[in-house]
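> give the three-dimensional model of this entry:
(2 chains)
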Number of protein chains: 2
Amino acid sequence: MTAISKLGEFSLIRHLTRDLKPCQPSTVYSVGDDAAVLNHGGKRTLVTTDLLLEGIHFNLEYVPLRHLGYKAVAVNVSDICAMNATPTQITIGLGVSSRFSVEDLEEFYVGARLACEHYKVDLVGGDTCASMNGLTIAITCLGVADEQDIVYRNGAKPNDLICVSGNLGSAYLGLQLLERELQVFRATQHDNLGKAAEHNDAIHEKFEGREYLLERQLKPEARIDIVEQLRKAGIKPTAMMDISDGLSSELFHICTQSKVGCDIYEDKLPIDYQAVALADEMNLNIVTCALNGGEDYELLFTCDIHDYEKLVPLDDVYIIGHITPAEYSSEQPEQPANLRLIPRTGDPLPLTAQGWNAFQQQQD
Amino acid sequence: MTAISKLGEFSLIRHLTRDLKPCQPSTVYSVGDDAAVLNHGGKRTLVTTDLLLEGIHFNLEYVPLRHLGYKAVAVNVSDICAMNATPTQITIGLGVSSRFSVEDLEEFYVGARLACEHYKVDLVGGDTCASMNGLTIAITCLGVADEQDIVYRNGAKPNDLICVSGNLGSAYLGLQLLERELQVFRATQHDNLGKAAEHNDAIHEKFEGREYLLERQLKPEARIDIVEQLRKAGIKPTAMMDISDGLSSELFHICTQSKVGCDIYEDKLPIDYQAVALADEMNLNIVTCALNGGEDYELLFTCDIHDYEKLVPLDDVYIIGHITPAEYSSEQPEQPANLRLIPRTGDPLPLTAQGWNAFQQQQD
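Numbering: from 1, shown residues only, chains lettered A, B, ... in the order given. Modelled structure (predicted):
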């Protein structure tokens, strides 16, 4: 028997969905991008789905249910945005164990409905059922787009500019902060129950000046505003995806599917000053956080170099590098070998996709 | 705090999705039927989603993973059929704990892909991730239909004929048989490990002549053939849904949403002879099994009485009663009070929706 952790998430999905041959004429694009694309006449329908499991994707010790509801919607909306499409409908499946009350679920729904209103997405269905253990969330988001507007991962070509929205690494550092304070809180609870109130104050002090990082982790936003800006500016990216697993990992997807390499520049990576300060305090390399920290849900996209003049005026969009012709090694003939980080000084470094392998951390 | 078991599944979903106001013009029909209906131009797109959790919806002690994959697809396809639509695409989200191997997941996918081929549905996406405990399955099925063909739950009117496909109660009795033999197997394992092989033979004997009941439980089929027959015969049902929770429960949905009552006849309920024999052996009332046993995934539909001549020649379709004008009681002004079973002899009996409340059986 083969342990799933041996393959890892991406290989596992590739393995299970290999040789899939669509038979419906309405299936335009199947497995392999942020969303599938369907044609039921008229515009194209896009569909994406996500499973969020307690203990793997979220920790209710520090994630409020209301925020979790908001985030669950936002991250799926983000997948539709990453196809340059407009999110339109959502379904929510919830599995809840007996430790949750009706009021808990209401809190989750308050957050989910707030996100739906914010992104103008309709909640059109779902399934709520009992579970044996913990909270399970299954979200499916649908969207719509004209056929010619849809952007896949496979369209990047040499000389294209590589852009990201917002900044990178903040959500990861927000998570590190929450995890650190949780450990402190657990330890003090164990040592001295009487001093819990005092320690709570101490935690609040620790969070002061880091509110932005917490917000990036607890209440990420789908960059629907960037999709709108691009549309208004008359820019259609050549490839796009959202950054859920980390910049390096997403660059690997785009370069592999587009059959290209890339150069990105260390000094061009957009990083927030709160992230810099916390990384410094925690002895973390901020560039590593920006490259490999996940859950920013910013957009990563490539544009034709002729769009440069149109790109520059855009708000909160940063050019971080450019696409190069692919070079392949004999060991991995399917994966371009020349994904490079150009540091401030010194020689180019190979990018590594460190995507977190959750299968190595689980129990049963 | 309110325990979820107090509300039950249907009330909980109503509670959480109350006052939902769609804002997207493409949302044709939202929460409250077998599937939501969307209009992205051209034909209508339908979407339905289901969450299946280990220990709640299936027991891997007697459900082979291959069958589970098939069933997970079939029950979602069934929801699209129940809207009189054609299923077209599916997404599969899997959460798997470390006790599952790659080969286990392959088994699941063999079954799921077999069902996809059988129903001509394309697997277009999904999500496979680690879980802390057990197996989680989230399936979303999409379908397509011309607007005028879609059948909701709310169109039944007095004098309409009530029809079901196939037969009722078999899947429930298949489950009882599997549960009984599992208990026997567990007890013998505990008593005398050396005799396991002998007891396995004994179990096989117990299953002989009951293969049909096991198949109904382990490998149910979506009645896409009935939808095709109705289309060919030129019949558009006035209301339709699939029987997942049991006939009584589904009649309550149709009667409540259509604001009508119903009379169904005990002697018209289609029941398989294997089901009759097993119910007899297990001291179960076969009519109760047919009314309240779930998971048959047959279609329940109502037709205008003028379609009677067209209905009679249909294969595997049975007329079991008719719709009556609604009568309401002062205690429950939203739910028709006159849903009746007409027994072979004696006075009409009120139907009760005993829908299984999984929230009362869970642990954490």
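> output stretch A:273-291 as PDB, nothing but the C-alphas.
Once side chains and other backbone atoms are set aside, the C-alpha atoms of stretch A:273-291 remain, and they are given as PDB (Å, rounded to 0.1, in the frame of the first residue of the first chain):
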ATOM      1  CA  TYR A 273       6.200  46.700   7.100                       C
ATOM      2  CA  GLN A 274       4.300  44.800   9.900                       C
ATOM      3  CA  ALA A 275       5.300  41.500   8.200                       C
ATOM      4  CA  VAL A 276       9.000  42.700   8.100                       C
ATOM      5  CA  ALA A 277       8.900  43.600  11.800                       C
ATOM      6  CA  LEU A 278       7.300  40.300  12.900                       C
ATOM      7  CA  ALA A 279       9.600  38.200  10.800                       C
ATOM      8  CA  ASP A 280      12.600  40.000  12.300                       C
ATOM      9  CA  GLU A 281      11.300  39.400  15.800                       C
ATOM     10  CA  MET A 282      10.600  35.700  15.100                       C
ATOM     11  CA  ASN A 283      13.900  35.100  13.400                       C
ATOM     12  CA  LEU A 284      12.100  34.200  10.100                       C
ATOM     13  CA  ASN A 285      13.500  35.100   6.700                       C
ATOM     14  CA  ILE A 286      11.000  37.600   5.300                       C
ATOM     15  CA  VAL A 287      11.800  36.700   1.700                       C
ATOM     16  CA  THR A 288      11.100  33.000   2.400                       C
ATOM     17  CA  CYS A 289       7.800  34.000   4.000                       C
ATOM     18  CA  ALA A 290       6.900  36.100   1.000                       C
ATOM     19  CA  LEU A 291       7.800  33.300  -1.400                       C
END
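> contacts for it?
For stretch A:273-291, contacts defined as Cβ atoms under 8 Å, 6 or more residues apart in numbering or on different chains pick out A:167-170, A:172-173, A:176-177, A:180, A:209-210, A:212-213, A:246-248, A:266, A:269, A:271, A:341, A:351. Any C-beta I mention is one placed from the backbone N, CA and C, and that applies to glycine too.
> next one: that stretch to chain centre, how far?
Here the centre of stretch A:273-291 is set off from its chain's centre by 19 Å, with Cα atoms, centre = their mean, to the nearest Å.
> okay, buried residues for that stretch please.
By neighbour count on 16 or more other Cβ atoms under 10 Å in any protein chain shown, the buried set for stretch A:273-291 is A:Gln274, A:Ala275, A:Leu278, A:Ala279, A:Leu284, A:Ile286, A:Val287, A:Thr288, A:Cys289, A:Ala290, A:Leu291.
> check stretch A:135-147 too.
Within stretch A:135-147, the residues that qualify as buried are A:Leu135, A:Thr136, A:Ile137, A:Ala138, A:Ile139, A:Thr140, A:Cys141, A:Leu142, A:Gly143, A:Val144, A:Ala145, counting by 16+ other Cβ under 10 Å.
> would you map out the domains in chain A?
Structural domains of chain A, as assigned by automatic domain parsing, span the residue ranges A:26-149, A:161-171+A:218-360, A:176-215.
> ends of the last one, what's the gap?
End-to-end distance of domain A:176-215 (Cα to Cα, to the nearest Å): 13 Å.
> quick one: distance of stretch A:333-346 to the chain centre.
What separates the centre of stretch A:333-346 from the centre of its chain is 22 Å, taken as Cα atoms, centre = their mean.
> next one: phi and psi at A:Leu322?
Heads up, residue A:322 is His, not Leu. As for A:His322, its main-chain torsions (degrees, to the nearest 10) stand at phi -150, psi 160.
> so it bridges to which residues?
Counting by DSSP bridges, A:His322 is bridged to A:Leu161, A:Asp263.
> that one against A:Lys157, yeah?
No. Under the criterion of Cβ atoms under 8 Å, A:His322 is not in contact with A:Lys157, lying 10.6 Å apart.
> who's more crowded, these two?
Relative neighbour count places A:His322 above the other of A:His322 and A:Lys157, with 19 against 15, counting by other Cβ atoms under 10 Å in any protein chain shown.
> mind checking pLDDT for the more buried one?
pLDDT recorded at A:His322 is 98.
> for it, what are its contacts?
Applying Cβ under 8 Å, 6+ apart to A:His322 gives the contacts A:Asn159, A:Asp160, A:Leu161, A:Ile162, A:Cys262, A:Asp263, A:Ile305.
> pull the number of nearby residues for the second one.
Read it as A:Asp160. Here the count is done by other Cβ under 10 Å, and A:Asp160 has 25 residues near it.
> hang on, the earlier thing: need the buried residues of stretch A:135-147 in JSON lines with distance to chain B and secondary structure, can you?
Putting those into JSON lines (distance: Cβ to the nearest Cβ, whole Å; DSSP: H, G, I helix; E, B strand; the rest coil) gives the following:
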{"residue": "A:Leu135", "distance to chain B": "10", "secondary structure": "coil"}
{"residue": "A:Thr136", "distance to chain B": "5", "secondary structure": "strand"}
{"residue": "A:Ile137", "distance to chain B": "9", "secondary structure": "strand"}
{"residue": "A:Ala138", "distance to chain B": "3", "secondary structure": "strand"}
{"residue": "A:Ile139", "distance to chain B": "9", "secondary structure": "strand"}
{"residue": "A:Thr140", "distance to chain B": "4", "secondary structure": "strand"}
{"residue": "A:Cys141", "distance to chain B": "10", "secondary structure": "strand"}
{"residue": "A:Leu142", "distance to chain B": "6", "secondary structure": "strand"}
{"residue": "A:Gly143", "distance to chain B": "9", "secondary structure": "strand"}
{"residue": "A:Val144", "distance to chain B": "5", "secondary structure": "strand"}
{"residue": "A:Ala145", "distance to chain B": "9", "secondary structure": "strand"}
